[in-house]
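Q: sequence unavailable; structure follows:
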């Protein structure tokens, strides 16, 4: 039996359905991200797991025990909010120890666990400071330390890094993941940041319209999206509309404009309209006389790579070109592009629009 089980969980507010039906099994020590755009139901799902929102239907089980209607403070969960929710009139140590005090932990043990939590988040000796005297990253670490000090069964993170700048957020991805793995604590993160989810998670639950549309490892979710939404939300992708024209034992020939693209796929009906998906980093600039002709419309330098926007006979095409020291062709240049057949993905146009 899984450590934490969410069974057909749903929430309706009047006529509005925030969460349609969520089922998810989380193993002990696993890090799972609920990833999706605003309004997809991820935060409401986390709040139901935490006990802050009563489900309309479904059950939540921890250790096999039904905690669906258990009070939040009795669930044994630590929560880190987007705003950190630190008490400004309390010192760092008092903030971290607050939950322990509410649980009746003796003072000596409380002080020991506060120091332990500060060491864990690399803030030793800062217990006497107030939140206003800390940087954004330090305040976030205090919020994490406060959640960990109570030794929760499950750690719940509600977009805790959205207020940090990009560089600090990147550093915190590494540090928080390191802490989580060191403690072996079961963790659920709510985020709309694809990089954050892919960097930190064992598995990603991609949500859309109040449902989980794909549950997979970060690599599987990115390389093998199972629907149009998964393909376009998790990273950038090129989408080409075409028609299945031919088939053989391994590939289906999809006619896109004047180009026949051979796409690995399951059975498709000849004449079927489909969408073909291709990640920008899978496209390469080809030698003269090879590949598909195109013209550079835009060229953007992004540090470790260049982003090229091309006009081609198969439609607009984005190309991620690794920065190896030499600039790629300039705007207006004629180029040719190619890709591996194995990097193409196919979906029915009906599924893509659904």
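A: It's in. As the structure is a computational prediction, the values presented were derived from the model and not from experiment.

Q: quick one: the strands in the stretch 201-350 of the chain?
A: Secondary structure of the stretch 201-350 of the chain (DSSP state E, counting those that start in this stretch): strands located at 203-208, 211-216, 238-247, 251-256, 259-264, 273-278, 284-285, 292-301, 305-312, 315-322, 334-338, 345-348.

Q: which elements pack onto the fourth one?
A: To tie it back to what came earlier, the one meant is strand 251-256. Contact here means 3 or more C-beta pairs under 8 Å, 6 or more residues apart in numbering; DSSP states H and E; on that basis strand 251-256 packs against strand 238-247, strand 259-264, strand 273-278. All C-beta atoms are positioned from the backbone trio N, CA, C, and that covers glycine.

Q: rewinding a little: including mean neighbour count, could the strands of the stretch 201-350 of the chain go into a markdown table?
A: Formatted as a markdown table, those follow (neighbours: other C-beta atoms under 10 Å):
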| stretch | mean neighbour count |
| --- | --- |
| strand 203-208 | 24 |
| strand 211-216 | 19 |
| strand 238-247 | 18 |
| strand 251-256 | 20 |
| strand 259-264 | 17 |
| strand 273-278 | 21 |
| strand 284-285 | 16 |
| strand 292-301 | 16 |
| strand 305-312 | 19 |
| strand 315-322 | 17 |
| strand 334-338 | 15 |
| strand 345-348 | 20 |
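
Q: mind putting those into a markdown table with distance to residue 231?
A: Output for those, formatted as a markdown table (distance: least, C-beta to C-beta, whole Å):
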| stretch | distance to residue 231 |
| --- | --- |
| strand 203-208 | 10 |
| strand 211-216 | 10 |
| strand 238-247 | 8 |
| strand 251-256 | 16 |
| strand 259-264 | 13 |
| strand 273-278 | 5 |
| strand 284-285 | 20 |
| strand 292-301 | 20 |
| strand 305-312 | 18 |
| strand 315-322 | 13 |
| strand 334-338 | 19 |
| strand 345-348 | 7 |
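
Q: which ones are touching the residue lying closest to residue 260 once chain neighbours are set aside?
A: Using C-beta to C-beta, 6 or more residues apart in numbering and skipping the chain neighbours, the partner closest in space to residue 260 is residue 253 (5.1 Å). Neighbouring residues of residue 253 by C-beta atoms under 8 Å, 6 or more residues apart in numbering: 244, 245, 246, 247, 260, 261, 262, 263.

Q: quick one: residue 253 from residue 263, how far?
A: 8 Å (C-beta to C-beta, to the nearest Å).
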